[in-house]
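Asker: need a structure here:
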Amino acid sequence: MRHVFIINPRAGKKDQTARIYEMADRLRSLHGLDCACMLTDRPGGATEMARRLAESGGEVRVYACGGDGTVSEAANGLAGFANAAMTCIPAGTGNDFLKNFGPDLEKFRDAENLWNGPSFPLDLIDCGGRYCLTIACSGIDAQVAEGVHLYSRSPLLNGRGSYLASVAANFLLRPIGHRWTVTLDGEAEEGDFALVSVCNGRHYGGGSTPVPEARMDDGVLNTILIHKISKLAFARLFGVYSAGNYRQLPQIARSMTAREIRIQSRDEEIVTCLDGECFRSRDVVLRLADKRVNFFGPTGCNPNATARP
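Answerer: Next comes the predicted model:
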């Protein structure tokens, strides 16, 4: 079995490439493992590397070393391959995916805790052949994420500055609600929506937990619909939504489970964000990809450790 570390040297605030090379060397010397390191230096690079490794046919364990983007790319490359499993070593700024594992998150920082850990399958969200590990959101939160990517190109703004600029632009200059038809497992509802979040996992956006009971291996996607309200009311209630307390908002929020969710717009394009990566379309279809990727982690770890009953 091969153990391959796919490293994103640009993830996070500090390049951790040397530390990860040292971990691979330690596994090789202490346990006699066949270890290799690969560097990804462009968007989509981790997906291509992971897929090539899986297509080789031999057993392989892939360590995605970076932030949530690197982890998502590796999952896209390995989805559907029975001979491959993945884990992650956090090196980014957010690491929302690993928050699903609760206190075991810290154990993922050292490959010594991972290399012989148990493997288990996780569900994914399939959006036209592009996979999402945790949460796919459409609406105001996706618009803010898209704006952050745009404003981060400015040399005048740091990470927080880009976020604040995007929030200001989206709340002050653009409408919150959109006229959409949302269909869940064949049942359609037309209305004005502020956002739709389709949750396989529980954490996104650096701290939001919209549906805390979502589980990553239960064969359903927890979906929450937030109807249009005034900007002032939305700003006041967003913290309630972000904390997973949507039941306190029965007048505007509705949660249900489904295996296929479709969001359609007759007019403007829908902004959708998959694990932090944004795209635009007038017709968004999100389907459950049941047990689509193999994951391994520290002994005893649980991807649903932070899930509420």
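Asker: pLDDT-wise, which helix or strand of the chain ranks last?
Answerer: helix 159-173 (a mean of 69; mean pLDDT, DSSP states H and E).
Asker: any chance you could map the strands in the stretch 201-309 of the chain?
Answerer: Listed in chain order, the strands found in the stretch 201-309 of the chain under DSSP state E, counting those that start in this stretch are 221-227, 253-258, 260-264, 270-274, 277-281, 283-296.
Asker: which one of the ones you listed lies closest to residue 182?
Answerer: strand 260-264 (5.4 Å; Cβ to Cβ). All C-beta spots, glycine's among them, are computed from the backbone N, C-alpha and C.
Asker: Report the contact partners of residue 102.
Answerer: Applying Cβ atoms under 8 Å, 6 or more residues apart in numbering to residue 102 gives the contacts 302, 305, 306.
Asker: quick check: mean pLDDT across stretch 25-33?
Answerer: Model confidence over stretch 25-33 averages 98 on the pLDDT scale.
Asker: In that stretch, which residues are buried?
Answerer: Residues 27, 33 are the ones in stretch 25-33 that count as buried (16 or more other Cβ atoms under 10 Å).
Asker: do stretch 57-74 as well
Answerer: Taking 16+ other Cβ under 10 Å as the basis for neighbour counts, the residues of stretch 57-74 that come out buried are 60-74.
Asker: and stretch 218-232, how far out from the chain's middle?
Answerer: Going by Cα atoms, centre = their mean, to the nearest Å, the spacing between the C-alpha centre of stretch 218-232 and its chain's C-alpha centre is 17 Å.
Asker: Touching it from outside, list them.
Answerer: Taking Cβ under 8 Å, 6+ apart as the criterion, the residues outside stretch 218-232 that touch it are 123, 125, 139, 171, 176-178, 182, 184, 189, 191-200, 210-211, 213-214, 237, 241, 246, 249, 252-259, 261, 286, 288, 290.
Asker: next one: stretch 123-136
Answerer: Counting by Cβ under 8 Å, 6+ apart, stretch 123-136 makes contact with 68, 71-72, 75-76, 79, 96-97, 100, 122, 197-204, 210, 216-219, 221, 272-275, 284-293, all of which sit outside it.
Asker: about what we covered before: generate JSON lines for the strands of the stretch 201-309 of the chain, with distance to residue 83 as supplementary columns.
Answerer: What follows is these, written out as JSON lines (distance: least, Cβ to Cβ, whole Å):
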{"stretch": "strand 221-227", "distance to residue 83": "27"}
{"stretch": "strand 253-258", "distance to residue 83": "31"}
{"stretch": "strand 260-264", "distance to residue 83": "28"}
{"stretch": "strand 270-274", "distance to residue 83": "25"}
{"stretch": "strand 277-281", "distance to residue 83": "26"}
{"stretch": "strand 283-296", "distance to residue 83": "9"}
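Asker: what would those strands look like in TSV with mean neighbour count and distance to residue 21?
Answerer: As requested, the strands of the stretch 201-309 of the chain are exported to TSV (neighbours: other Cβ atoms under 10 Å; distance: least, Cβ to Cβ, whole Å):
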stretch	mean neighbour count	distance to residue 21
strand 221-227	23	38
strand 253-258	17	43
strand 260-264	20	42
strand 270-274	23	30
strand 277-281	16	27
strand 283-296	19	21
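Asker: Show me the one of those strands that comes nearest residue 106.
Answerer: Taking Cβ to Cβ as the criterion, residue 106 comes closest to strand 283-296 out of those, the separation being 16.7 Å.
Asker: how far off strand 270-274 does the closest one point, in degrees?
Answerer: Here strand 283-296 points in a direction 0 degrees away from that of strand 270-274 (axes from the mean of the first three to the mean of the last three Cα atoms, to 10 degrees).
Asker: Run the angle between strand 283-296 and strand 253-258 for me.
Answerer: Using the same axes, to 10 degrees, the direction of strand 283-296 lies 60 degrees away from that of strand 253-258.
Asker: Next, the angle from strand 283-296 to strand 260-264.
Answerer: Using the same axes, to 10 degrees, the inter-axis angle of strand 283-296 relative to strand 260-264 is 140 degrees.
Asker: sorry, back to before: can the strands of the stretch 201-309 of the chain go into a markdown table with extra columns for mean pLDDT?
Answerer: Formatted as a markdown table, the entries for those read as follows, by pLDDT from 0 to 100:
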| stretch | mean pLDDT |
| --- | --- |
| strand 221-227 | 97 |
| strand 253-258 | 96 |
| strand 260-264 | 98 |
| strand 270-274 | 96 |
| strand 277-281 | 94 |
| strand 283-296 | 98 |
